[in-house]
Structure formats: C-alpha cells, structure tokens
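# sequence and predicted structure below; questions after.
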Amino acid sequence: MQEYKNFNGDCKFAFVLSVVCGCLLFVPMKALAANDPNTSTSNSTYAAEIVKEEKTKNSSILTVFTLEIRDKKTNEVAHVTFGGIGERIRSIEKLYLFENNKLVVHGNLKRADIIYVVDCKTQNVVDMFWCYDPVLAPSKRFWVYEKFYPYHGLKSIQTTVVLVYDMQRTPLENRVPVKGYTEWPKVQVGLPIYPRPYLEAKAYVLQRQQYEEPPWYLRSSPLLWSKDSNDVVFLYNHKKQAYVVRVNISAGIDKPKILEAPINVGNFVRQDLPEDFRKKEAARLHMVSATEITWDGKDHILVKPSKAHYTLEDRIRLPVP
C-alpha cells in the first residue's frame with residue numbers, strides 16, 4: 001500500500017498501487033509503441049510517455065502502467081507507476097501536459113473514466129478520481145465531468161451531478177467538505193455546478209438521499225464547452241421535462257450561474273409512431289437524448305438525437321439560454 005501525498009496535510013487519501021501490493025502477481029511486462037500521440041506528450045520542460053503496461057495475474061483486464069517523465073534540461077528520467085485492483089484502470093485514453101508542469105493521465109474503467117494528476121517536478125501522483133465523460137476546456141484550465149456512481153448501486157445515488165476541476169487549484173481546493181456516511185474519496189472530487197440543489201448545498205450527495213429517492217436528474221448529452229471556456233452546455237432531464245442547460249463560470253467555479261431553457265419535445269417527436277410503441281416508450285418520449293451536440297453560432301446548438309427514429313429530423317437546432 002502506498003499512500004498518496006497528503007493534500008495540505010489535511011486530507012488523507014490512500015490508494016492501492018499494485019506495484020507494491022504483495023498479494024498481486026503480474027504477467028510479463030509489455031512495452032508500448034513509442035511516440036503514440038495518445039500515450040506520450042511534452043512541453044518546453046518535460047517529456048512524458050507511458051512506456052510499460054502489465055496485466056495482473058488475477059485479471060486479464062486490470063492493468064498497471066509505468067509513466068516515464070524526462071526533464072529536458074537535465075535529461076533526468078523518473079518513473080511513476082499506477083493502476084491495479086484499487087484503481088481498476090483498463091487502458092489509457094490520452095495524456096495531457098500543462099504549462100504548470102502538471103500532467104493528466106486520462107484512463108478508462110469498464111464503464112467510466114479515471115483521471116490521474118501527476119506533478120512532473122516531484123514525480124508524484126497528487127490526485128486521482130473516477131468520473132464519467134471528462135472534457136477539457138479550450139483554455140486547458142478546467143475539466144468538466146459527471147460524478148461517478150455505480151450502475152448497480154442504490155437508485156438514490158444514481159443522479160447526475162456535473163462537476164468542474166480547476167488545474168490551477170490544489171487537490172484540496174478542488175473538493176467540498178464531506179462528512180459521515182457520504183464519504184467516498186475516489187469520486188467526490190471537483191466542485192458541483194449542476195443541478196442547483198447540489199450547488200446550493202455544496203455537496204456531492206444530498207442528506208435526504210439516505211432516506212428517500214430524490215427526483216431523478218439525468219444528463220442526456222455530451223458536455224460542451226464554449227470557445228472562451230466560460231460556459232458549459234448540455235441537455236438535462238428532470239421530472240419528465242427536458243432542458244438545455246448553460247452554466248457560466250466566468251465569475252469562478254465557486255460562483256457558477258445556471259441558465260435553463262425547457263425543450264418542447266413534442267415539436268420534434270414524430271406523430272406517426274405506432275400507439276403500442278408510444279405506450280412502450282412513454283418514459284422516453286418526454287426526453288431528448290443526444291450522442292452529439294455542437295455549437296451553431298453563439299446562441300444555438302445542433303443536437304444529434306440518439307434515437308433518431310423518434311424524431312422528425314436527424315439534427316435538432318435548439319436555442320441556448
């Protein structure tokens with residue numbers, strides 16, 4: 001067991017690093033292809049690359065990766081190892097190296113994503129968390145993503161909460177205080193910006209969720225940044241109403257401004273759908289679910305429905321509030 005660096009001495013996080021976990025055995029190491037654009041990156045100071053991967057003998061899926069960091073000025077090389085049972089990473093999506101010499105490793109879990117933040121100067125993993133669908137802002141300062149929850153868990157926790165992580169903040173500054181039964185360090189990372197009850201409570205889980213199932217909140221599209229990185233736009237469904245949501249963070253991620261525009265789904269759903277189909281899919285026909293959204297000017301988005309046979313058009317143009 002290796003304990004990650006304590007954040008400002010207040011917040012202790014211990015994650016399993018299988019490279020030092022004696023209960024695991026590994027199959028032979030596999031060297032990765034050099035200069036893969038998804039597993040290597042560099043800036044003026046450092047070059048970083050995933051150089052090895054190894055599967056645990058107990059699993060043909062879970063993987064341990066070795067990251068090589070080279071100081072371009074001194075040519076010194078250091079290695080950082082991460083992965084294994086406690087972290088459950090399966091593959092590498094991409095590496096990102098920032099001007100403050102923080103490196104992000106974006107990896108894949110079975111149905112979700114994992115983010116590692118590495119300090120190239122100290123060669124330490126300073127943060128790690130699970131999430132869904134992380135998207136880096138054009139400014140390369142912010143990540144936006146959906147808070148992780150297990151698909152097999154209680155319905156009371158299966159609610160979409162949208163979070164933002166600021167690469168210029170410390171790990172501790174990218175968290176809100178958590179106490180009691182709700183504590184789950186691997187997923188409670190980032191500042192809540194939506195839905196409004198989570199923003200107002202500054203919480204990852206609402207207190208009432210331990211007693212009753214809250215109204216269902218469901219993000220139903222990818223997360224989309226504006227070019228200036230001030231706005232995040234997405235589709236949301238709540239209490240059988242679909243919305244276009246814009247969250248403005250120009251005043252800071254501590255003070256997001258939420259704007260919501262209801263969608264009249266009836267304007268886009270085909271009227272010739274068979275009655276038995278309408279009854280079977282009644283729970284879905286009030287929703288707008290999209291596989292893709294893109295900007296169409298400053299105040300509109302183009303939406304590609306995930307159930308195109310429900311809709312009159314294969315692209316829907318919607319105003320952004």
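Alright, I've got the coordinates.

# rest of the way, CA atoms for contacts and neighbours
Fine.

# with only the CA atoms kept, save stretch 110-119 in CSV.
The C-alpha trace of stretch 110-119 is given here as CSV (Å, rounded to 0.1, in the frame of the first residue of the first chain):
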residue,chain,number,x,y,z
LYS,A,110,-15.2,-0.6,-17.5
ARG,A,111,-18.0,1.9,-17.9
ALA,A,112,-16.4,5.1,-16.7
ASP,A,113,-13.2,7.2,-16.7
ILE,A,114,-10.3,7.7,-14.3
ILE,A,115,-8.1,10.8,-14.0
TYR,A,116,-4.7,10.9,-12.5
VAL,A,117,-2.9,14.3,-11.8
VAL,A,118,0.8,14.0,-11.7
ASP,A,119,3.3,16.6,-10.6
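
# show residues contacting that stretch.
89-90, 101-108, 124-134, 148 (CA atoms under 8 Å, 6 or more residues apart in numbering).

# give me the buried positions along stretch 86-98.
87-92, 94-98 (16 or more other CA atoms under 10 Å).

# need the contact partners of stretch 38-46.
47-50, 69-73, 92-99, 101, 120.

# how far does that stretch stretch from start to finish?
End-to-end distance for stretch 38-46: 16 Å, by CA to CA, to the nearest Å.

# could you pull out the strands for the stretch 101-250 of the chain?
With DSSP state E, counting those that start in this stretch as the criterion, the stretch 101-250 of the chain has strands at 102-108, 113-119, 124-136, 142-147, 162-166, 191-194, 217-219, 224-225, 231-238, 241-248.

# so where is the stretch 1-150 of the chain shaky, pLDDT-wise?
Filtered on pLDDT under 70, the stretch 1-150 of the chain yields the residue ranges 1-35, 59.

# meant to ask about the stretch 201-321 of the chain
The low-confidence ranges in the stretch 201-321 of the chain, as defined by pLDDT under 70, are 208-216, 273-274, 276-286, 308-312.

# how about a cut-off of 90?
Residue ranges of the stretch 201-321 of the chain with pLDDT under 90: 201, 203-220, 237-241, 264-290, 305-316.

# who is residue 295 paired with across the strands?
Assessed by DSSP bridges, residue 295 has beta-bridge partners residue 301.

# from residue 223, how far out is it?
12 Å.

# same thing with residue 291?
10 Å.

# so between these two, which is more surrounded?
The residue with more neighbours, out of residue 291 and residue 223, is residue 223; 21 against 12, by other CA atoms under 10 Å.

# how close does the more buried one sit to residue 235?
8 Å.

# do residue 275 as well
Taking CA to CA, one finds residue 275 at 27 Å from residue 235.

# the two: who's more crowded?
Taking other CA under 10 Å, residue 275 and residue 235 do not tie; residue 235 has more neighbours (26 against 10).

# mind checking how far the more buried one is from residue 40?
33 Å.

# phi first, then psi, for residue 266.
phi -60, psi -20 (degrees, to the nearest 10).

# got it, and residue 267?
Torsion angles, degrees, to the nearest 10, at residue 267: phi -70, psi -20.

# please report the distance of it from residue 300.
From residue 267 over to residue 300 (counting by CA to CA), the distance is 17 Å.
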